[in-house]
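**Student:** fold the following and give me the result.
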Amino acid sequence: MRAVIGEILPLSVGIAIGPLAIIAAVLMLLSPQARSTRLGFLAGWVIGITVAVVFFTLLSLMLPEQDSGSSSSVVGVVKLILGGLLLLLAVLQWRGRPAEGETAELPKWMSAIDSMTAVKALGLGFLLAAVNPKNLLLAASAGVIIGSAALSLRQAVAVVTIYVVLAACTVLIPVSAYLLASARMSSPLDEFGTWLVDNSNAIMAVLFVVLGVANDRKGISTFEPDQKGSSWHISAYGSSTSLMAPHKRCAH
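**Tutor:** Residues are numbered from 1 along each chain as shown. So this is what the prediction gives:
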């Protein structure tokens, strides 16, 4: 279980530092409708993260059983594909960063945040968490890791809970802080939002490179030959298949 938590931590951080949700949360906290929208957005964000990771965890359970020879190879291929997509996102993020001296443009839908109701804020939080392609890809990676780890139900629930809490913390913390001290938080939130808009592409590009390389490394490792001999092992949290020929007995 600890190994699984270690693998999903970078993925939850990837969702946590995603700029769109944080910027949207900051704008809602600074809007006239902050009292009605902040909790709605937070609820939608948490629900969306949970639904996405649970969906992909259940989907990964449809892969071949762990004692099947093809199970590990399928998991390895899936991880390679997800790693490649993360690297592609890294390139797109880096190329999309604003040039020096330019100001990054916010999505047009953010201009409607000031007039949003609590229900619309909940829907926006859910969409940003569960439908955003970047977050969806990270949730898929986490779901494959959790679903292929042969955890008990209690362990799986604990891992998913840790993942959701960490992924949602960058929205949960400012919402909670603003709830306790709205007057003091207005200026820092505004400055943080401006900084995040200008630097979000570069931050996400670096993060996607790290996650993409890690996913590809794990995928490739499932096809590596055994270091002690000529046997190949294909493993996914414990299962292995040996291709070594049986040893002949030595005549005395």
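**Student:** C-alpha from now on. contacts and neighbour counts both.
**Tutor:** OK.
**Student:** contacts for stretch 28-40, please.
**Tutor:** Residues outside stretch 28-40 that contact it (CA atoms under 8 Å, 6 or more residues apart in numbering): 25, 113-122, 125, 175, 178, 186, 190.
**Student:** endpoints of that stretch, how far apart?
**Tutor:** 10 Å (CA to CA, to the nearest Å).
**Student:** any low-confidence regions in the protein?
**Tutor:** 63-72, 99, 101-107, 182-183, 186, 193, 197-198, 222-252 (pLDDT under 70).
**Student:** out of the contacts of stretch 28-40, which are inside helices?
**Tutor:** 25, 118, 119, 120, 121, 122, 125, 175, 178, 186, 190 (DSSP state H).
**Student:** could the residues you listed be laid out in TSV, adding distance to residue 133 and neighbour count?
**Tutor:** Compiled in TSV, these are given as follows (distance: CA to CA, whole Å; neighbours: other CA atoms under 10 Å):
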residue	distance to residue 133	neighbour count
25	19	29
118	24	18
119	22	15
120	20	16
121	19	26
122	18	23
125	14	27
175	24	22
178	29	19
186	30	14
190	26	16
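**Student:** make TSV out of these and add distance to residue 55.
**Tutor:** As requested, the ones in helices among the contacts of stretch 28-40 are exported to TSV (distance: CA to CA, whole Å):
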residue	distance to residue 55
25	25
118	26
119	23
120	23
121	23
122	20
125	17
175	27
178	32
186	37
190	35
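**Student:** and those residues, which is closest to residue 218?
**Tutor:** residue 125 (31.4 Å; CA to CA).
**Student:** list the contacts of the closest one.
**Tutor:** Applying CA under 8 Å, 6+ apart, the residues contacting residue 125 are 21, 40, 41, 42, 43, 44, 45, 46, 48.
**Student:** count the residues that sit near the second one.
**Tutor:** I take that to be residue 40. 21 (other CA atoms under 10 Å).
**Student:** from residue 20, how far out is it?
**Tutor:** 16 Å.
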